[in-house]
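Engineer: sequence-free structure coming up:
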Ligand code: BGC
């Protein structure tokens, strides 16, 4: 017996030892491959200062002389050439990949920034510093607290990009970018990984909230404004995800099958505007393939189009762990591999040795990376103080959020007049959503809920409704635990909705003046949305809207629906029920205040839709080719894919919409499709109501030097001060090719106009922007003949049309 027990114990011990050694080996492997493999390349903080001939400089390579690259007075191009000439081949290769994942997961080295998701590595021998990269499009994402440090490092959660685009206000978006840039500068971040400028090809892409619009011109103009705002601080941007990254499902393997024409007119066009209007310091290539080639390995995209055709001067970095073949990436013009792995380092070294990767390609990439480093504050020895003006930025986010909210319906209900007791309905009214999840999330200090927004503005909140929420939260406490840390990245928080009884509804109606019912949606990186219970309202939400509107209306009281969502939802079947609908989007940390600013009339709504709200999802032409069974990436899945990169699915097993996606709708994306087919929509592209009305004077049109110049006066003829967004569309009459009926070619937003005040607005449309991509000649072609120039308050409400012969 004893022998048996002894034998059994031996087996158990052997098993434990085996498991322990396997865990230690795996940890060691993961650490040395993905997390921390930069031994011998520490950021130097001990660089001596020297003064020669009255000029004081950092003697970065400690040779006691003033090298060109150490001299701030020299041009960056010369400094870069000088330092490049002093670098060894190993140092150049080392520069082409990031420093790994250590700081992302909080394992920061001295001088690091916890939560910064990537870095450009230092070159200590030459005193070249580390450069820090951090997400993202709605504000910085760094760790809000640090070990052994009482200070907090919160960042401002600005509105999501879709909301910013709904403002159609380039100046305002510039201001938001400027505030983001100031925050980055204060926290020592050199490059913000944003804005994200992919097209809303289909309403259910899980990351649409990070993107601007279904229209490339609006996306491009908004993106450029943010870039200009951020970069005005000497902080770089990384415009992402280049390009056609329009679904999250299987995003790292998905192959987009798309025509050259759709690429040029729709998917590339927005990026082209951004590059030409703002010269971002960097572009981030996307995960997906286009017609069989990873974007990060495509010379056609990264060199021919981006650089040769558009004149992009910055560097291209990969999306995190994106693409397959490091050597092909560098050769194609993808200069920097982020966040960098030891595998890539080895692969590049090997590729140089066996001649697969040329010295020219290495020098070119290293030169672009060094140029960026020399532009950063780190190279200027700027001392950041970790004290951004969060209060000022809260004011900026509050006003910008209000400006991008879209009033979809208003039947004599808004703004509030003498409502004293407000019944807040639906769980989202109390758990307001600031933004989406994933890398587009921000670690903000607080989020103002709708409840707090009303209380801050001096309104009374109905206690009956509030008590029901409190007991619902108590009973369902598990559902109210917010995912934390890495888990929060891939798990959108969606607390259970309240199911109100008839008695509860009647009590609420009896004790309040008005109902404000919020519908919430949260999505994010790593998963697309589904039609059921997401695009479509859930059964509980439908019943809430039906029962509350019915009960309030019976007592002659009104119900306002607030949509606290990050992407389009179905509205056609229920929009007739409430008295008003405010599309609040996800307005950042001050969202609740911003909504109340609109409802109370402190701010007159002036947002307009940057996309169409369709009647049905299947009305979208892209719906035939979009994943119908979305799967969310998990943290475990992500780690597994990292260690064992997924291999290509054999051709015969490839699944449509996952392994490959046809873009059969071609250029007919969004309103281009709906308007060409004259389909009924729930709310059209460009639509949004105001508390006032505007008069448009007849337009004046002049063609001069290949540009169409249009001007008109806009007058506020209502009582409320307000702003108007004027949209300019063009249509080719009797086109000989299949092309959208109309396309947005310019827009303008007025300043705040007082009652009876008018303003002249003028826009310029370069005639070449009316061209289409001609696949037979592989270039843009301008059809000769008659074009309509239309001025609209939305794509479906055209106020004036003039014809020109081009
Ligand atoms: C996202 C990027 C992001 C990067 C770093 C990737 O998964 O696609 O948008 O910038 O992670 O967080």
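Structural biologist: Arrived safely. Since we're looking at a predicted model, the values are computed, not measured.
Engineer: Apart from its chain neighbours, what residue comes closest to residue 632?
Structural biologist: Of all residues not flanking residue 632 in the chain, residue 527 sits nearest, at 3.5 Å (Cβ to Cβ, 6 or more residues apart in numbering). All C-beta spots, glycine's among them, are computed from the backbone N, C-alpha and C.
Engineer: in terms of contact, does the one you found touch residue 251 like I think?
Structural biologist: No - applying Cβ atoms under 8 Å as the test, residue 527 and residue 251 come out as separate, 9.8 Å apart.
Engineer: ok, whichever residue of the stretch 251-400 of the chain sits closest to the ligand to residue 238 distance?
Structural biologist: Of all residues in the stretch 251-400 of the chain, residue 320 sits closest to the ligand, at 3.8 Å by Cβ to the nearest ligand atom. Distance of residue 320 to residue 238, given as Cβ to Cβ, to the nearest Å: 11 Å.
Engineer: Tell me the secondary structure at residue 602.
Structural biologist: coil (DSSP: H, G, I helix; E, B strand; the rest coil).
Engineer: could you pull out the helices for the stretch 151-300 of the chain?
Structural biologist: For the stretch 151-300 of the chain, the helices defined by DSSP state H, counting those that start in this stretch occupy 161-167, 170-187, 216-231, 260-262, 269-278, 299.
Engineer: Residue 550: neighbouring residues, count only.
Structural biologist: 13 (other Cβ atoms under 10 Å).
Engineer: I'd guess the residue nearest to residue 632 is in a strand, am I close?
Structural biologist: No - using three-state DSSP, the secondary structure at residue 527 is coil, not a strand.
Engineer: which residue packs closest to the closest residue to the ligand within the stretch 501-650 of the chain, ignoring adjacent ones?
Structural biologist: Nearest residue of the stretch 501-650 of the chain to the ligand (Cβ to the nearest ligand atom) works out as residue 525 at 6.0 Å. Distances taken as Cβ to Cβ, 6+ apart put residue 438 closest to residue 525, at 2.4 Å, once the chain neighbours are dropped.
Engineer: So the one you found sits against residue 490, correct?
Structural biologist: Yes - under the criterion of Cβ under 8 Å, residue 438 makes contact with residue 490 at 6.9 Å.
Engineer: Who are the contact partners of the residue nearest to residue 632?
Structural biologist: Contact analysis of residue 527 by Cβ atoms under 8 Å, 6 or more residues apart in numbering lists 206, 248, 249, 490, 630, 631, 632, 633.
Engineer: please redo it, this time with the cut-off set to 6 Å
Structural biologist: Residues counted as contacts of residue 527 (Cβ atoms under 6 Å, 6 or more residues apart in numbering) are 206, 248, 630, 632.
Engineer: now do residue 593
Structural biologist: So residue 593 contacts 398, 448, 453, 456 (Cβ under 6 Å, 6+ apart).
Engineer: ditto for residue 49
Structural biologist: residue 58.
Engineer: May I have the beta-bridge partners of it?
Structural biologist: With DSSP bridges as the criterion, residue 49 is bridged to residue 58.
Engineer: neighbour-wise, which of residue 320 and residue 238 wins?
Structural biologist: residue 238 (30 against 22).
Engineer: correct me, but the more buried one touches residue 285?
Structural biologist: No - counting by Cβ atoms under 6 Å, residue 238 does not reach residue 285; the two are 10.1 Å apart.
Engineer: Give me the buried entries from the contacts of residue 593.
Structural biologist: Among the contacts of residue 593, the ones that count as buried by 16 or more other Cβ atoms under 10 Å are 398, 448, 453.
Engineer: Dump these into TSV; add pLDDT and distance to the ligand as well.
Structural biologist: Putting the buried ones among the contacts of residue 593 into TSV (pLDDT from 0 to 100; distance: Cβ to the nearest ligand atom, whole Å) gives the following:
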residue	pLDDT	distance to the ligand
398	98	26
448	97	26
453	97	30
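Engineer: Which of those fall within helices?
Structural biologist: 398, 453 (DSSP state H).
Engineer: one step back: looking only at neighbour counts, state which of residue 438 and residue 490 leads.
Structural biologist: residue 438 (24 against 19).
Engineer: OK, contacts around that one?
Structural biologist: 489, 524, 525.
Engineer: could you pull out the helices for the stretch 601-750 of the chain?
Structural biologist: Going by DSSP H, counting those that start in this stretch, the stretch 601-750 of the chain shows helices at 635-643, 671-676.
Engineer: To residue 750, which of those lies closest?
Structural biologist: helix 671-676 (22.5 Å; Cβ to Cβ).
Engineer: tell me how far the helix or strand hosting residue 373 is from the chain's mean position?
Structural biologist: According to DSSP states H and E, residue 373 maps onto helix 359-375. Here helix 359-375 is found 27 Å from its chain centre; the criterion is Cα atoms, centre = their mean, to the nearest Å.
Engineer: any idea how far the residue nearest the centre of the chain is from residue 195?
Structural biologist: Residue closest to the average C-alpha location in the chain (Cα atoms, centre = their mean): residue 210, at 2.6 Å. Distance, residue 210 to residue 195, using Cβ to Cβ: 8 Å.
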